[in-house]
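Undergrad: sequence and predicted structure below; questions after.
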Amino acid sequence: MYHNPVLLKQSVDDLVTNPDGIYVDCTFGGGGHSREILSRLSDKGRLFSFDQDLDALKNTIDDPRFTLVNQNFRFLENSLLMYGVSQVDGILADLGVSSHQFDEADRGFSTRSNAPLDMRMNVMQNLDAKRVINEYEEEELADLFYHYGELREARKLAREIVHHRKTKSIETTEDLKKLFSYIPPHKVNKFYAQLFQAIRIEVNQELEVLKEMLVQAYNVLKPEGRLVVISYHSLEDRLVKRFLKNGMFEGEPERDIYGNYKKAFELVKSKAIIPDDKEIEENSRARSAKMRTGIKV
């Protein structure tokens, strides 16, 4: 299967409140969420789904209500305007890397396969993992390992990479992993997951892209329109949680003399929704998922 959609029923239940409405799936992938959304829409409803990965285009849906946009969701607002759409009823974003991208060994996303250092979600872009590892300055590498991978020994890791590449280029995921063969066996899986996450976020500019999408989502949502976001690590979830709370990513909103501030969204539930044990057992990718839903004020 291309991709097993996470929190499928819960996300679409939260999203679709008007069967005649216009909806957006920011992360089409295998089309699981999009198909479920279409099943809830009337003949008048419309769905625009985004995906920058060329592989996802093979999964397009033959339905007059459906449009697949081959773009990064950072271009959400302008892309919708090209189709004459300025406001929508709901937006869904299932973030992160699809199961298909992990399973395609030559994409370099998986820690389990030996593959070229790539990790591009859009294979047409220039920046890939090989360039990050072989060309970034030591301080740049340390910063991204620390901030995006939350690795405490970020400076040491960066120093070892820079030292090694002076004599030999680091070409593959296995080349990279060999540099850190001293990591204790009981820590190795988590370590590589954090390391690869940091590089992948940098290659795809994932946090900046997420911020741009969230701001544009607010702009294009109708009043009482819904934003549903499924995230897979704390860096994403913190941004989503903060934006849904006050429409900002840092700092504090202006308050009136009574201490109140203008909310961007009302939360459907105060705490994130997480998959149940059954879903996690059937789909290991769901283990780290958190879903938050906001209603535009």
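TA: Done, it's in. If you're wondering where the values come from, they're calculated on a predicted model, not measured in any experiment.
Undergrad: for the helix or strand hosting residue 207, packing partners?
TA: For residue 207, the element it lies in under DSSP states H and E is helix 206-220. In terms of contacts (3 or more Cβ pairs under 8 Å, 6 or more residues apart in numbering; DSSP states H and E), helix 206-220 is packed against helix 76-82, strand 88-94, strand 221-231, helix 234-246. Just so you know, the C-beta spots here come from the backbone N, C-alpha and C atoms, and that holds for glycine as well.
Undergrad: any chance of the ones you listed in CSV, with mean neighbour count and mean pLDDT too?
TA: Formatted as CSV, the helices and strands packed on helix 206-220 follow (neighbours: other Cβ atoms under 10 Å; pLDDT from 0 to 100):
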stretch, mean neighbour count, mean pLDDT
helix 76-82, 16, 98
strand 88-94, 25, 98
strand 221-231, 22, 98
helix 234-246, 18, 95
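Undergrad: and of the ones you listed, who's closest to residue 262?
TA: With Cβ to Cβ as the criterion, residue 262 lies closest to helix 234-246 of those, at 8.5 Å.
Undergrad: from the chain's centroid, how far away is the closest one?
TA: Centre-to-centre, helix 234-246 and its host chain are 13 Å apart (Cα atoms, centre = their mean, to the nearest Å).
Undergrad: and if you look at stretch 241-254?
TA: Put simply, stretch 241-254 sits 19 Å off its chain's centre (Cα atoms, centre = their mean).
Undergrad: how long is it from one end to the other?
TA: End-to-end span of stretch 241-254 (Cα to Cα, to the nearest Å): 18 Å.
Undergrad: can you give the contact residues for that stretch?
TA: 211, 214, 218, 227, 229, 239, 261-265, 267, 272, 292, 294 (Cβ atoms under 8 Å, 6 or more residues apart in numbering).
Undergrad: go on, stretch 181-201?
TA: 97, 109, 111, 117, 119, 129, 132-133, 144-145, 147-151, 157, 173, 176-177, 180, 206-207, 233, 235.
Undergrad: one more time with 7 Å
TA: By Cβ atoms under 7 Å, 6 or more residues apart in numbering, the list of residues contacting stretch 181-201 from outside reads 97, 109, 111, 119, 129, 132, 144-145, 148-151, 177, 207, 233.
Undergrad: buried residues in it, which are they?
TA: Using 16 or more other Cβ atoms under 10 Å as the test for burial, stretch 181-201 gives 183, 191, 192, 194, 195, 196, 197, 198, 199, 200, 201.
Undergrad: gap between the fourth one and residue 20?
TA: With distances defined as Cβ to Cβ, to the nearest Å, the gap from residue 194 to residue 20 amounts to 45 Å.
Undergrad: state the mean pLDDT of stretch 158-169.
TA: Over the span of stretch 158-169, the pLDDT mean works out to 97.
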